[in-house]
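> Sequence first, predicted coordinates after that:
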Amino acid sequence: MTGIGRVLLGGVAGGVLTGAFLAVVWWPRTEVTYRADAPATLVYDDRSPHFLGLVHQHTLSGRQSYRMVVGRDPGLSYGHLVDIDPALGAEGIESTTWTESGVRVRFRTEHEVFVPARFFLFGR
């Protein structure tokens, strides 16, 4: 193999490795597109603050998914999970209403989801 061939082969190999590295670093990518905290005046039986977030995940294959997380973790890494249709999730959440019985989520499409408190209390 000539010197030029080795340089070209090295360039191609470097490009492939760089692309693979960037794919690993950037995907899957997760972002919180909506976040709501339960009011401090609302105290549930577990005496913990509670949080709700709409989490958008992009995968390497191009698939996008949305998941609503409700629970005690402010980082939204665990809690009660509700899968949301991608078309509904892309439109986003308009509002949340926290009550003693649970949390009602209203999407911009006017769809509503109610999560009973028993599903997100005590670390579930």
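Yep, it's here. Residues are numbered from 1 along each chain as shown.

> Low-confidence stretches in the chain?
19-27, 124 (pLDDT under 70).

> Any idea which residue is closest to the centre of it?
What sits nearest the mean C-alpha location of the chain, by CA atoms, centre = their mean, is V55, with 1.9 Å.

> Apart from its chain neighbours, what residue comes closest to that residue?
Nearest in space to V55, with sequence neighbours left out and distances taken as CB to CB, 6 or more residues apart in numbering, is R67 at 4.9 Å. Heads up, the C-betas are built off the backbone N, CA and C, glycines and all.

> Buried ones in the host helix or strand of the one you found, by neighbour count?
Taking DSSP states H and E as the definition, R67 sits inside strand 64-71. For strand 64-71, burial by neighbour count (16 or more other CB atoms under 10 Å) applies to 65-71.

> what's next to that strand, contact-wise?
Contacts to strand 64-71, defined as CB atoms under 8 Å, 6 or more residues apart in numbering, come from residues 33, 50-59, 76, 78-86, 88-90, 103, 105, 113, 115, 119-120, 123-124.

> okay, now the residue lying closest to L42 once chain neighbours are set aside: neighbour count?
Closest residue to L42 apart from its sequence neighbours, by CB to CB, 6+ apart: W98 at 5.4 Å. Using other CB atoms under 10 Å, W98 has 19 neighbouring residues.

> quick check, the residue nearest to the centre of the chain in a strand?
Yes. Looking at V55 with DSSP: H, G, I helix; E, B strand; the rest coil, it is inside a strand.

> on that earlier part again, from the contacts of strand 64-71, list the buried ones, please.
The buried subset of the contacts of strand 64-71 (16+ other CB under 10 Å) comprises 50-56, 76, 79-80, 82, 84, 88-89, 103, 105, 115, 120.

> Next, give phi and psi for the closest residue in space to P39 that isn't next to it in sequence.
The shortest distance from P39 to any residue other than its chain neighbours is 5.9 Å, reached at W98 (CB to CB, 6+ apart). Main-chain torsions, W98, degrees, to the nearest 10: phi -90, psi 130.

> measure W98 to G11 for me?
57 Å (CB to CB, to the nearest Å).

> Cheers, nothing more for now.
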